[in-house]
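In: Pasting a predicted model and its sequence here:
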There are 2 protein chains.
Amino acid sequence: MKNITITGFRSIPPFAMGLVRDLRIRWALEEAGFAYDHHPIEVEARNAPENRAFHPFGMVPAFEGDGRRLFETGAILLRLAQDSEALAPTDRDGREQMTAWMFAALNSVEPAVQNVGTLDTLLAGEPWAAQARPTMVQMAEYRLGQLADWLESREYLTGRFTVADILMATVLRILRHTDIVAGFPSLAAYLARCEARPAFQKALADQIAGYAAAEAA
Amino acid sequence: MKNITITGFRSIPPFAMGLVRDLRIRWALEEAGFAYDHHPIEVEARNAPENRAFHPFGMVPAFEGDGRRLFETGAILLRLAQDSEALAPTDRDGREQMTAWMFAALNSVEPAVQNVGTLDTLLAGEPWAAQARPTMVQMAEYRLGQLADWLESREYLTGRFTVADILMATVLRILRHTDIVAGFPSLAAYLARCEARPAFQKALADQIAGYAAAEAA
């Protein structure tokens, strides 16, 4: 794939560094060995008409490759997976299981996990936040316990590394300010295994370097 | 596709009738004209080993077709879409946009919407629920406002009916106990358009009839 551009934020608060979702696409592009341009936008400009035309929900990343545009990290990763065996198996059953786990990461696991992340950051000042937290943590731990069972006997979600692992690992990273993942040894080991991949390290370093450059400018 | 079986719950409380996610698959199967068997399980048995082997998160629906199993409504619908032009366009760009909107429904819209749904049902007795509700509603309305902008000039999400509309419409239905969707005329019209489809009506009637039969048994 050629002429790849992804959007991200130019500058963000420290708590969000390393969590913004362009990291997912940067990681996949490093695994696949595809060169890309990163187009940073201001957080305050995310709902400006030119970004809404690129991403209907005013978020990042939006993606362009081979002259075609796409939004939603799940859809972008599924498209990249079609072009690289580093990202996905080639057999039909393997691809279907990968797709199932992509949706599982984004719909069965992330919402419960993100609720804890949002409560501890954007909503931390709400008068009900402290009281609600134990329930939110319990709901996240319920899902994580089921995921931990699955990973007890597996190195990656579907037996080999795929874009589903990029999604699941970055979902688990949302809880990095807590000891919740550490409470599930198979999950902690899985996350460490994913984060140890050179492509992840390169993607993370590039994302952080971008923020640092914006800070210095 | 042949020998299709999906799981659902045998019996559920009234507030959840017409919301359980096997409705999404029933609807798609009706649109495609594919016959299927519905295999009801007890809510209390959802985490029993035989269901966890079918669905790692102990949820419904799980799916089997042509001898292959799959879980996650998004992944099941994406697979069905490959076999029916009633569910998806055949051109590459159309399919990519459909996929983007499937992930948008499940990851950008549903989490905010489901938080209101969960707060008003499972968490309604929590001492902080009433205080948290305005914030939760505001977060849902933020996303719904962006979606309403998109649908202002469109009959369906990508110009024609696809499985992405099945997901988005059933996500909006989670708020049926509120007047939130009614506050966005383009969304209310879109939902009414989707719900008026004969395949939706048939799927909903069959789901409700199943609960009634279990009740009578």
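Out: Great, that's in hand. Numbering: from 1, shown residues only, chains lettered A, B, ... in the order given.

In: can you pull the buried residues of the helix ranked longest in chain A?
Out: Across chain A, the longest stretch assigned as helix under DSSP state H is helix A:129-151. Going by neighbour count (16 or more other CB atoms under 10 Å in any protein chain shown), the buried part of helix A:129-151 is A:129, A:132-133, A:135-137, A:139-141, A:143-144, A:146-148, A:150-151. C-beta coordinates here come from the backbone N, C-alpha and C atoms, glycine included.

In: That helix: how far from the chain's middle?
Out: Computed by CA atoms, centre = their mean, to the nearest Å, the chain-centroid distance of helix A:129-151 equals 19 Å.

In: Please apply the same query to stretch A:20-29.
Out: For stretch A:20-29, the distance to the chain centre is 7 Å (CA atoms, centre = their mean).

In: does the residue of chain A positioned farthest from its centre sit in a helix or strand, and which one?
Out: Farthest-out residue of chain A from its mean C-alpha position, per CA atoms, centre = their mean: A:Pro127, at 29.4 Å. A:Pro127 is part of no helix or strand when elements are defined by DSSP states H and E.

In: what about it, distance to chain B?
Out: 6 Å (CB to the nearest CB, to the nearest Å).

In: What pLDDT does the model give that residue?
Out: At A:Pro127, the pLDDT value in this model is 96.

In: which of the buried residues of helix A:129-151 are close to chain B?
Out: Counting by CB under 8 Å from any CB of the partner chain, A:132, A:135, A:143, A:146-147, A:150 from the buried residues of helix A:129-151 sit close to chain B.

In: Please report the distance of the residue nearest to A:Pro89 when sequence neighbours are not counted from chain B.
Out: Nearest in space to A:Pro89, with sequence neighbours left out and distances taken as CB to CB, 6 or more residues apart in numbering or on different chains, is A:Arg95 at 6.0 Å. A:Arg95 is 10 Å from chain B, where distance means CB to the nearest CB.

In: same deal with A:Glu155?
Out: Distance from A:Glu155 to chain B, by CB to the nearest CB: 16 Å.

In: helix or strand right after the helix or strand harbouring A:Cys194?
Out: Element membership for A:Cys194 (DSSP H and E) is helix A:185-195. Where DSSP H and E defines the elements, the next helix or strand beyond helix A:185-195 is helix A:198-216.

In: Alpha carbons of that following helix, as CSV, please.
Out: What follows is helix A:198-216, C-alpha atoms only, in CSV (Å, rounded to 0.1, in the frame of the first residue of the first chain):
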residue,chain,number,x,y,z
PRO,A,198,9.9,-3.9,18.3
ALA,A,199,7.1,-2.6,16.1
PHE,A,200,5.2,-1.5,19.1
GLN,A,201,8.3,0.1,20.7
LYS,A,202,9.0,2.0,17.5
ALA,A,203,5.4,3.2,17.1
LEU,A,204,5.2,4.4,20.7
ALA,A,205,8.6,6.2,20.5
ASP,A,206,7.5,8.0,17.3
GLN,A,207,4.2,9.0,18.8
ILE,A,208,5.8,10.4,22.0
ALA,A,209,8.6,12.1,19.9
GLY,A,210,5.8,13.9,17.9
TYR,A,211,4.4,15.4,21.1
ALA,A,212,7.8,16.4,22.3
ALA,A,213,8.5,18.2,19.0
ALA,A,214,5.3,20.0,19.2
GLU,A,215,6.1,21.0,22.8
ALA,A,216,9.5,22.4,21.7
